[in-house]
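Enquirer: Fold the stuff below for me.
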Amino acid sequence: MVNRYGLSKREAQVLNLLLEGKSNKQIAAILGISESTVEAHLTSIYTKVGVSSRVEIILRYGQPGLAQDDLEPEKVGESTGENINKQGETPDEMFARNVYDRDEQISPAKGSRVVGERASSFRINSILVFLGIILALLASIVLYLYLSLPKSWEGYERECEYPDESTVGQAIGRSNASGDQVHGQFGAMPAEPWSAMAGEVVYKNISTPRVEELYLQIRYSKNSPPSAPILVYLDGEEFPRASIYPQDQKEWDRFAWSDPIYLGSVESGVHSITFSSVGQQYGVADLDKFILTAGSP
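Expert: Residues are numbered from 1 along each chain as shown. Take a look at the predicted model:
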């Protein structure tokens, strides 16, 4: 079939592949011909179309499929599934309209650039997401380690005369007491003959960080030989953390500090401490004050 450029069907095929960005080697492989045959077809095409090089013909047409359209005018638009041949159009008018109607299509070069830009953007986004996950994990690890490590703590101290709960003993004024009063005759009835009475006192709302080695000291007075210990509990635990035997001070207005008493570790939070006794005649002790420290004072 003869068209206005006189291209053969094979030349039209070669031209379309050229406009798709294919090299001579690729064209030869697709059409099953030699590269020298491709070069011969291109030489003939350049002569018939009126150009002198591959670049010039691409700049002039710039769209694949136009050579086939030009070869078979009645099938213009076939590559897009449309028949856009309008009655009365000359081949040149039809050719021009076909070019401008395709201005939204992407040329091979532009398409490659867009695909490359999208792939690059995807890679960058993937890297950013990955880095975000790594940073979040690192932040979580740092926070966990920070919360897990023992914190600097100045300790806790409290007067004993007014516990949050008590089943034995009462506030009694004593000279030389740190707050003028004590939780007095702890472990005895509050009246003569001061008989032994089992009971406990509880001090609450003690805030501490996580402490590996918690120590307790009690300031007390006692006016009788020791025969029953004071048991120390944390947070209402089933078993005591320690036991204390207050020493006889020979009078109720003479006070002494116990040696540091090891209570073990404690987690960060709000705690309670309980002093409990089976009781002793005249009282186990007057409880004046206690302090808690991280490590031995």
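
Enquirer: Secondary structure class of L128, three-state.
Expert: Assigned with DSSP: H, G, I helix; E, B strand; the rest coil, L128 falls in the helix class.

Enquirer: Equivalent analysis for R158, please.
Expert: Of the three states, R158 takes strand under three-state DSSP.

Enquirer: contacting residues around it?
Expert: Contact partners of R158, counting by CB atoms under 8 Å, 6 or more residues apart in numbering, are 203, 206, 289-291. Every residue, glycine included, has its C-beta placed from N, CA and C.

Enquirer: Just the buried ones out of these, please.
Expert: The neighbour count (16 or more other CB atoms under 10 Å) marks 203, 206, 289-291 as buried among those.

Enquirer: Let me see the mean pLDDT of stretch 249-265.
Expert: Average pLDDT, stretch 249-265: 94.

Enquirer: from the middle of its chain, how far away would that stretch be?
Expert: Relative to the mean C-alpha coordinate of its chain, stretch 249-265 is positioned 49 Å out (CA atoms, centre = their mean, to the nearest Å).

Enquirer: Pull up the distance across it, start to finish.
Expert: Start to finish, the residues bounding stretch 249-265 are 31 Å apart (CA to CA, to the nearest Å).

Enquirer: Let me see the ranges of the strands in the protein.
Expert: 156-159, 165-166, 170-173, 181-186, 199-208, 211-222, 230-234, 242-244, 251-257, 261-266, 269-277, 285-294 (DSSP state E).

Enquirer: tell me the mean pLDDT for stretch 189-200?
Expert: Averaged over stretch 189-200, pLDDT sits at 90.

Enquirer: Grab the two from the contacts of R158 that are most spread out in space.
Expert: Greatest spatial distance in these: I206 and K289, 13.9 Å, computed using CB to CB.

Enquirer: follow-up on the earlier one: the contacts of R158 into TSV, with extra columns for distance to F275 and pLDDT?
Expert: Shown next, in TSV, are these (distance: CB to CB, whole Å; pLDDT from 0 to 100):
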residue	distance to F275	pLDDT
Y203	8	97
I206	13	95
K289	12	96
F290	8	97
I291	14	96
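
Enquirer: Which member of those residues is positioned nearest E165?
Expert: Using CB to CB, Y203 is the member of the contacts of R158 that lies nearest E165, at 8.6 Å.

Enquirer: thought V266 was touching I206?
Expert: No: between V266 and I206 there is no contact under CB atoms under 8 Å: 9.3 Å.
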